[in-house]
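Chemist: Predicted model and sequence follow; I will ask about them next.
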Amino acid sequence: MARKVFEDRLSELHESLMSMGLLVEEAIYKSVKSLVDKNVDLALEVVTDDQRINEYEVKIEKKCFELIALQQPVGTDLRRIATMLKVATDLERMADHAVSISKSTISLKDEIYVKPLIDIPKMAEIVKEMVREVLDAYISLDREAAIQVSKKDDQIDKYFSMIFMELLEIMQQDPAKVNQAIHFLLVAQHLERIGDYVTNVCEWIVYLKTGSLVDLN
């Protein structure tokens, strides 16, 4: 009976984590779309909805600690709970970066963009793919899939370097565009950080499967 209660509570935690992950994926999508479309209402949605994501993290953390206190799990069971705690934290941080991107949308609402946004949306698309795929890897506990997702972070880093060099050139050529260029650079940096957090989740999937902590960065 005690084992069934433990498994039921783990399943509830698992479902909460997946729901949180879907909200985070949606926040990333909306934040970049709001920037590209100059849609302040959509950006404000991301800022407002972040509270729900924060509440999920608090709820998951509370239930994980309750489960540890009541069941005193060891071995694989303890790894499962520890992984949920870490993944929830990383998801919450990804959402914070989506909020920051949305705040750039709001700050730039009255400006004409110095150029059409091309590389940032492409970079964001890879980031969204990584979030979706890492959640799938977590559901299936697929170590190899997690490792493959982590390799996409190299593409994110390349986009960040390209965007950085392009924006640096714009700032040098037209000092009036420095503020706008800095916002776009920060957006790229936020996306790059989300990629890093996805890689962290990949590492926790490998840990859950093998019991070994690996560095996939």
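Modeler: Received the coordinates, thanks.

Chemist: Helix, strand, or coil at Lys115?
Modeler: Under DSSP: H, G, I helix; E, B strand; the rest coil, Lys115 falls in the coil class.

Chemist: As a check, name the ranges of all helices in this structure.
Modeler: 2-37, 40-71, 75-107, 119-140, 143-151, 153-173, 178-210 (DSSP state H).

Chemist: Residue ranges in the protein under the pLDDT threshold?
Modeler: Residue ranges of the chain with pLDDT under 70: 1-2.

Chemist: coming back round to it: can you tell me which of the helices of the chain is nearest to Asn217?
Modeler: For Asn217, the closest of the helices of the chain is helix 178-210, at 5.6 Å, according to CB to CB. Placement of C-beta: from N, CA and C, glycine included.

Chemist: tell me which strands and helices that closest one is in contact with?
Modeler: Here helix 178-210 touches helix 2-37, helix 75-107, helix 119-140, helix 143-151, helix 153-173, going by 3 or more CB pairs under 8 Å, 6 or more residues apart in numbering; DSSP states H and E.

Chemist: Is it possible to get CSV of those helices that adds distance to Val47 and mean neighbour count?
Modeler: Below are the helices and strands packed on helix 178-210 laid out as CSV (distance: least, CB to CB, whole Å; neighbours: other CB atoms under 10 Å):
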stretch, distance to Val47, mean neighbour count
helix 2-37, 9, 17
helix 75-107, 6, 20
helix 119-140, 17, 19
helix 143-151, 28, 18
helix 153-173, 24, 16
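
Chemist: Distance to Leu216 for the helices of the chain - can I get that in TSV?
Modeler: Shown next, in TSV, are these (distance: least, CB to CB, whole Å):
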stretch	distance to Leu216
helix 2-37	19
helix 40-71	23
helix 75-107	13
helix 119-140	11
helix 143-151	4
helix 153-173	8
helix 178-210	5
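
Chemist: which outside residues touch stretch 59-71?
Modeler: For stretch 59-71, contacts defined as CB atoms under 8 Å, 6 or more residues apart in numbering pick out 2, 6, 9-10, 12-13, 16-17, 20, 73, 77-78, 81, 84-85, 88.

Chemist: if we go to 7 Å?
Modeler: Residues outside stretch 59-71 that contact it (CB atoms under 7 Å, 6 or more residues apart in numbering) are 6, 9, 13, 16-17, 81, 84-85, 88.

Chemist: Cool, thanks, talk later.
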